[in-house]
Structures are given as structure tokens and as C-alpha cells.
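A.B. asks: sequence-free structure coming up:
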């Protein structure tokens, strides 16, 4: 398991911040029929919600509040959990990428947390969870160069590689991925976090042939 720390700057923006850290060995599949049956059931549940209440889901609400505290407008730089919910309510299905990415998206709409999913082989050294700097280099998946100033970001010794708004090309899941690291961002210190992490682990086991699946919680602690 990678060593992960949380910076004081992000603790100041979110005093209850903690991270769920899940590691697993997995098998990449382009399609998984059983997985998509479960995704469709979850989409059906979410599609009945009013779009106005999405921002009030506790896990999303605390994340939006953290974005504002960092100086970033959450309506412009939507965190992934909110963006996925809004997509479904607008009548669009989730993207079909591969079993690993699809499981991450399913876990996000099930739990309400934004979840970063990374190929461990492309993460160099320890990980720090902090706030993006002006002109910091970042190539986001499907977005190209992205302004991550004031956004929450994960960094390794090579620089920023993940954010709740969009993960980076450098550490993205591909057909070569065999070991993953999932980082679940809990900005509000919400209850039952361990149970939610176990739900995510079970999804990885069931749909990604997950082996050696483990999780731990990294607490932000006191400033």
C-alpha cells in the first residue's frame, strides 16, 4: 500500500477530510454483462431523483463546500460523483469504458463519493493530497490540459496525477492495468465510511476478479 499524506492546506478547507484507500490486483475486461445489469439498476434508481437535490446529497454537499473553501466554483469544475448523477438524471447512461472504470463509476453513484482510480505501476513514490497550484502541468482524461489551480489534487514525485474533477492521462486505467489504487474522498467525515469502502471492495472482487483487495482509511487528523 502506498504511503499517503494530506496537506494542511486541504485540511483548512475541509476539517473532516479523510481518504479511503483501496488496493487490488485485477483483470481487465472490455465488457462485463453482469456489471452492466447492476449499473442499469442503479441508473434507474437515480433517474427518479430531481436534479435540484443532487447538490444536497451529503457526500456531494460536503465536497462542494470544500471546493468553495479552496476557491473553486463547483458548478464549473464539477466533482465526478455529481457529474455522474447529473448525467443519469438528464437521461444519459454512464459511459462504457471497461470493467475497472465502470466499477469505479458504479461505486461512485452507489456511495455518493468521488473516486479516483489509478494504475499503480504509473504512480512513482509516496502520494500527497493537496491543492493545485497556478500553471501546474496537468493533462486530464478527455479534457487535455486542465487548470487545476485551487482544485484538490493527488501528487506523486512526478507531480499531480488525480483530482475529483478529472483524473490524468498519466495514471489512467488501460488494458495493461493489473494493479489498481482507488482513492475515495470523504470531505465531510461521513458515517459508515468503512461500510461504503467494503461495498466498493466487493464490487472490485465481483466484477474485476479482484485479488488481495485491501482498504485503509487515512484520517486528516488535527491541524
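C.D. replies: Right, received. Where do you want to start? Please read all numbers here as calculations on a predicted model, not as lab measurements.
A.B. asks: use CA for all of it now, contacts and neighbours both
C.D. replies: Fine.
A.B. asks: now do stretch 159-177, average pLDDT.
C.D. replies: The average pLDDT within stretch 159-177 is 96.
A.B. asks: buried stuff in that stretch?
C.D. replies: Buried residues in stretch 159-177, counted by 16 or more other C-alpha atoms under 10 Å: 159-174, 177.
A.B. asks: among those, which lie within strands?
C.D. replies: In strands, judged by DSSP state E, the following of those are found: 159, 160, 161, 162.
A.B. asks: these into a markdown table, with extra columns for distance to residue 193?
C.D. replies: Shown next, in a markdown table, are those (distance: C-alpha to C-alpha, whole Å):
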| residue | distance to residue 193 |
| --- | --- |
| 159 | 28 |
| 160 | 26 |
| 161 | 24 |
| 162 | 21 |
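A.B. asks: out of these, which comes closest to residue 84?
C.D. replies: Nearest to residue 84 out of those is residue 162 (C-alpha to C-alpha; 17.1 Å).
A.B. asks: the nearest residue to that closest one once chain neighbours are set aside bridge partners, please.
C.D. replies: Nearest residue to residue 162 in three dimensions, chain neighbours excluded: residue 154, at 5.0 Å (C-alpha to C-alpha, 6 or more residues apart in numbering). Bridge pairing for residue 154 (DSSP bridges) gives the partners residue 129, residue 162.
A.B. asks: residue 154 and residue 75: what is the separation?
C.D. replies: As for residue 154, its distance to residue 75 is 21 Å (criterion: C-alpha to C-alpha, to the nearest Å).
A.B. asks: which one's more surrounded, the two?
C.D. replies: Between residue 154 and residue 75, residue 154 has the larger neighbour count (other C-alpha atoms under 10 Å), namely 23 against 13.
A.B. asks: and the residue lying closest to residue 6 once chain neighbours are set aside, how many neighbours?
C.D. replies: Nearest residue to residue 6, sequence neighbours excluded (C-alpha to C-alpha, 6+ apart): residue 129, at 4.8 Å. Burial of residue 129 is recorded as 23 neighbouring residues (other C-alpha under 10 Å).
A.B. asks: report the contact partners of residue 129.
C.D. replies: With contacts defined as C-alpha atoms under 8 Å, 6 or more residues apart in numbering, residue 129 is in contact with 4, 5, 6, 7, 10, 152, 153, 154, 155.
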